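A.B. asks: Need a 3D model of the following:
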Amino acid sequence: MTHTIAEIANALGIAAVGDTSIRISGAAEPQSAGPGELAIAMSPKYAKRLAEGQARAALLWSDADWEALGLEAAILPTRPRFAMSGLTRMLDPGQGFATGIHPSAIVDPSAELGEAVSVGPLAIISAGARIGAGSVIGPHCFVGQGAELGKGALLREHASVGARVRAGDRFIMQPGARVGGDGFSFVTAEPSTVEAARKSLGDQGEAQSQPWIRIHTLGGVSIGDDVEIGMNSTVDCGTIRDTMIGNNTKLDNLAHLGHNVIVGDNCLLCGQVGIAGSVTIGNNVVLGGQVGVSDNIFIGDGVIAGGGTKLLSNVPAGRSMLGYPGTQMDKQMESYKALRRLPRLLKEVAELRKAVFKSSKGD
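C.D. replies: Residues are numbered from 1 along each chain as shown. As a prediction, this is how the structure comes out:
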């Protein structure tokens, strides 16, 4: 499928200039774009490489001098990265999953499938499951007993939805994602060394031998609309109540939500984020890659945590955090700068001590 520059610009509500009748079949980086591709050069840094390719048209920025760049046409958005969201949606060829139910799929007779649901090879849909209209259950996927998926869900290959999971409309699971496993919750008959360590913060000496006994998972997972779960990410069921994820929240690859976690609306949880049990996260929170969150704390609305941050205590709304343990980002940077100056400071102190001792001996 091809689109003219004018069609793309109109669909995105963006200004286009030059020969807008040029047809393009895809997008490419400036240096590798062919004459039938739209070059993505959203800043002068990337536009410098247009001369290395053969693009006739490009997605630039609002005041770009497109003619000086040797182009025949250009799309000039005021917010280029936002324009990319619409452009990539138009050009996305999809995964090519066939319509209908594959003969090798297993669909329980009591499951309810809406109109135009696609079920791929070797997928399993369990008893009492409900799948919304227009959903795609990809190859090797599993949907557990009584699970519910809203309209337009997309489960990529090898995604797994356990029993007692409910997800809203347009739910996306990337390959290997797992939602609805048991929570990691164990207890000992007598107070354990872990409990004692948390109370005293001291060494425990010789450990008492006690078996860990499972606390069974009775809750499920409740997921809002427009939520996406990245590849190989995992979400545990709640122990008694549901683990919850709000509308429009996105989990990157290899993220983990423990049992009883509550995540608000419009959150971004980046790669390898780990959230321990019973954490409450507000709306519009962004946790960078490898952020770790200790159990039973809350994170307020609008919090941003930089990559690698470890949050060990409650974080007020609107705060930017960094480091281990996580502190306010500006204070963490000042501490880091001071730490870098420490060797020089120690050297100066040693020189001063030497001078003072030498002066004292001289007296």
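A.B. asks: When you work out contacts or count neighbours from here on, use the C-alpha atoms and nothing else.
C.D. replies: Noted.
A.B. asks: Let me know how buried Q95 is, in neighbour terms.
C.D. replies: Q95 is flanked by 8 other residues according to other C-alpha atoms under 10 Å.
A.B. asks: is it true that it lies in a strand?
C.D. replies: No. Read with DSSP: H, G, I helix; E, B strand; the rest coil, Q95 is coil and lies in no strand.
A.B. asks: Would you state the strands of the stretch 251-363 of the chain in chain order?
C.D. replies: In the stretch 251-363 of the chain, the strands defined using DSSP state E, counting those that start in this stretch lie at 256-257, 262-263, 268-269, 274-275, 280-281, 286-287, 292-293, 298-299, 304-305, 310-311, 320-322, 327-328.
A.B. asks: Same list, those, but as a markdown table with mean neighbour count and distance to R214 please.
C.D. replies: Below are the strands of the stretch 251-363 of the chain laid out as a markdown table (neighbours: other C-alpha atoms under 10 Å; distance: least, C-alpha to C-alpha, whole Å):
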| stretch | mean neighbour count | distance to R214 |
| --- | --- | --- |
| strand 256-257 | 26 | 19 |
| strand 262-263 | 24 | 22 |
| strand 268-269 | 24 | 28 |
| strand 274-275 | 24 | 20 |
| strand 280-281 | 22 | 23 |
| strand 286-287 | 24 | 30 |
| strand 292-293 | 24 | 23 |
| strand 298-299 | 23 | 25 |
| strand 304-305 | 25 | 33 |
| strand 310-311 | 23 | 27 |
| strand 320-322 | 22 | 35 |
| strand 327-328 | 18 | 35 |
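A.B. asks: do you know which of these lies nearest M84?
C.D. replies: Between M84 and the strands of the stretch 251-363 of the chain, the shortest separation by C-alpha to C-alpha is 18.4 Å, and it involves strand 268-269.
A.B. asks: Note down every partner strand of the closest one and its orientation.
C.D. replies: strand 250-251 (parallel), strand 286-287 (parallel) (DSSP bridges).
A.B. asks: Any idea how far that strand is from the middle of the chain?
C.D. replies: Centroid separation for strand 268-269 versus its chain: 4 Å, with C-alpha atoms, centre = their mean, to the nearest Å.
A.B. asks: Sticking with P77, tell me its helix or strand.
C.D. replies: In this structure, P77 sits in neither a helix nor a strand according to DSSP states H and E.
A.B. asks: could you list every residue that touches G326?
C.D. replies: By C-alpha atoms under 8 Å, 6 or more residues apart in numbering, the contact set of G326 is 309-312.
A.B. asks: what do you get if the cut-off is 10 Å, keeping everything else the same?
C.D. replies: With contact taken as C-alpha atoms under 10 Å, 6 or more residues apart in numbering, G326 is in contact with 291-293, 305-306, 308-313, 315, 320, 332.
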